[in-house]
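A.B. asks: sequence first, predicted coordinates after that:
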Amino acid sequence: MSQKRVGILTSGGDCPGLNCTIRAVVSHAILNYDWEVVGIPYATKGLLERQAMSLNLSNLAVHGIDPLISLGGTILGSINRGDTLAQSKEIIAGYRELGLDGLIAIGGDGSLAILHHLAQEGNWQLVGIPKTIDNDVALTEKSIGFDSAVNTITNALHCLIFTAASHDRVMVVEVMGRSAGHLALHSGIAGGADVILIPEIPYSIPAICEKITQLRSQRGRKFAIIVVAEGVKTQEGQPSFYIDSLGQKRLRGIGQYIAEQVDFGSPGSFETRVTVLGHVQRGGLPSAGDRIMAASMGKTAVDLLAKEKYNSMVAWQNGKPTTVALEAVLKASPVLVDPSGYLVQTARSLGTYVGELDSIK
Ligand code: F6P
């Protein structure tokens, strides 16, 4: 096996599990292939600025302890902006000037699309690993970070249940996910939400109010928990967002909107409060599930470089890692919730309101 100098980077929004993936790549590449591994800080920015940090088993340890297995975020830093293509020539040259023989990129569909494009242009040896709390990357059942974020939201819902019950309140919890409702649906089921609103299924405010009324009259339950995905639209079909100083659209506000509609939809009946979980969902420690998947995916990515299976992505299918073509992944992403899939049916079977399935044509 020839000696290689392999780069690794993390791109897009961070999430728990990135550091365990880095750890797995470094361990397998060094222990089993005797390769050199360098971390590229801040993804394409590091390539642009020709920066690489040496990663090895001893410089990753602190007092003999390997913290990467449980550390949230990414020690390499990340960027979540899609404006890199203007500098593509310089970024492409960075790969060669840093002497890389391969690159493992951990990213969501947006980052992987940009990196795939650069790899094609620059003839890089690229292998992708999917990560995103949104879990919307195609051809993989799970992406790194999703399981941890679902656990964080589920724990938050449990905290809210106690205070909701004490004050007989309707708690509206806005969660991330962009255009996909996976996070809301999974955590809503796991946390026992009464209403789950996702971008894929239309809803009606009177139906939500009726659901809460029913909980009171039929089950004597005076509080309710509503989980709403940030990508849900208003009744008029408008997304809730603001534009930041860089001109980027940031989803936010649908939780407040739903709370107000429920409040005024049944005046004086329901006291509502809103929690926007925000980046708490991306923080915290990686779950055991994410750690195991990160270890397997990291190992598989190194093996793919060794077998020269470039422009591919490690995917998680049937409980184990497999390989798919990056191009096929990018063509089919993002993957949204199937409105008639088993999870929506499960939620409905538990009495949860998940919107008006009948109104989907
Ligand atoms: O794609 C992951 C994600 O966390 C989305 O769920 C969310 O809308 C977005 O990133 C937030 O991005 P940023 O960290 O740039 O605000």
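C.D. replies: Alright, I've got the coordinates.

A.B. asks: helices of the stretch 251-361 of the chain, residue ranges please.
C.D. replies: Residue ranges of the helices in the stretch 251-361 of the chain, as given by DSSP state H, counting those that start in this stretch, are 254-265, 288-306, 326-332, 342-349.

A.B. asks: wait, which of the ones you listed is closest to residue 50?
C.D. replies: helix 288-306 (21.4 Å; C-beta to C-beta). C-betas here are computed from N, CA, C, even on glycine.

A.B. asks: residues in this structure within reach of the ligand, list them.
C.D. replies: Residues of the chain lying near the ligand by C-beta under 6 Å from any ligand atom: 13, 80, 108, 132-134, 176-178, 230, 251, 282.

A.B. asks: only the buried subset of those, as a ChimeraX command please.
C.D. replies: Here is the ChimeraX command that selects the buried residues among the residues of the chain next to the ligand (16 or more other C-beta atoms under 10 Å):
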select :13,108,132,133,134,176,177,178,230,251,282
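
A.B. asks: in CSV, list the residues of the chain next to the ligand along with pLDDT.
C.D. replies: Converted to CSV, the residues of the chain next to the ligand look like this (pLDDT from 0 to 100):
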residue, pLDDT
13, 96
80, 82
108, 97
132, 98
133, 98
134, 98
176, 98
177, 98
178, 97
230, 98
251, 96
282, 97
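
A.B. asks: I'd like the residues of the chain next to the ligand as JSON lines, with distance to residue 321 appended.
C.D. replies: Shown next, in JSON lines, are the residues of the chain next to the ligand (distance: C-beta to C-beta, whole Å):
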{"residue": "13", "distance to residue 321": "22"}
{"residue": "80", "distance to residue 321": "25"}
{"residue": "108", "distance to residue 321": "18"}
{"residue": "132", "distance to residue 321": "17"}
{"residue": "133", "distance to residue 321": "20"}
{"residue": "134", "distance to residue 321": "20"}
{"residue": "176", "distance to residue 321": "25"}
{"residue": "177", "distance to residue 321": "24"}
{"residue": "178", "distance to residue 321": "25"}
{"residue": "230", "distance to residue 321": "30"}
{"residue": "251", "distance to residue 321": "31"}
{"residue": "282", "distance to residue 321": "23"}
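
A.B. asks: is residue 130 in contact with residue 110, as I believe?
C.D. replies: No - counting by C-beta atoms under 8 Å, residue 130 stays clear of residue 110, with 11.5 Å between them.

A.B. asks: rewinding a little: most neighbours per residue, which of the helices of the stretch 251-361 of the chain?
C.D. replies: Mean neighbour count (mean count of other C-beta atoms under 10 Å) peaks for helix 288-306 among the helices of the stretch 251-361 of the chain, with a mean of 22.

A.B. asks: residue 130 and residue 110: which is more packed in?
C.D. replies: More neighbours surround residue 130 than the other of residue 130 and residue 110, with 30 against 20 (other C-beta atoms under 10 Å).

A.B. asks: just the pLDDT at that one, thanks.
C.D. replies: As predicted, residue 130 sits at a pLDDT of 98.

A.B. asks: okay if I get the helices of the stretch 251-361 of the chain as TSV plus mean pLDDT and distance to residue 225?
C.D. replies: Output for the helices of the stretch 251-361 of the chain, formatted as TSV (pLDDT from 0 to 100; distance: least, C-beta to C-beta, whole Å):
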stretch	mean pLDDT	distance to residue 225
helix 254-265	96	12
helix 288-306	98	24
helix 326-332	98	33
helix 342-349	98	13
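
A.B. asks: so which of those helices gets nearest residue 144?
C.D. replies: helix 288-306 (5.4 Å).

A.B. asks: ok, residue 195 - contacts?
C.D. replies: Residue 195 sits next to 208, 211-212, 224-227, 352-354 when contact means C-beta atoms under 8 Å, 6 or more residues apart in numbering.

A.B. asks: name the SS class of the residue lying closest to it once chain neighbours are set aside, please.
C.D. replies: Excluding the flanking residues, the one nearest residue 195 by C-beta to C-beta, 6 or more residues apart in numbering is residue 226, at 4.2 Å. For residue 226, the assignment made with DSSP: H, G, I helix; E, B strand; the rest coil gives strand.

A.B. asks: center of the chain, which residue is that?
C.D. replies: residue 133 (1.5 Å; C-alpha atoms, centre = their mean).

A.B. asks: my guess is that residue contacts residue 142. True?
C.D. replies: No - taking contacts as C-beta under 8 Å, residue 133 lies outside contact range of residue 142: 11.0 Å.

A.B. asks: for the closest residue to residue 198 other than its chain neighbours, what are phi and psi?
C.D. replies: Leaving aside its chain neighbours, residue 198 sits nearest to residue 181 (2.5 Å; criterion: C-beta to C-beta, 6+ apart). Dihedral angles of residue 181 (phi, psi; degrees, to the nearest 10) stand at phi -100, psi 10.

A.B. asks: wait, what's in contact with residue 181?
C.D. replies: Residue 181 makes contact with 196-201, 229, 231-232, 336-337 under the criterion C-beta under 8 Å, 6+ apart.
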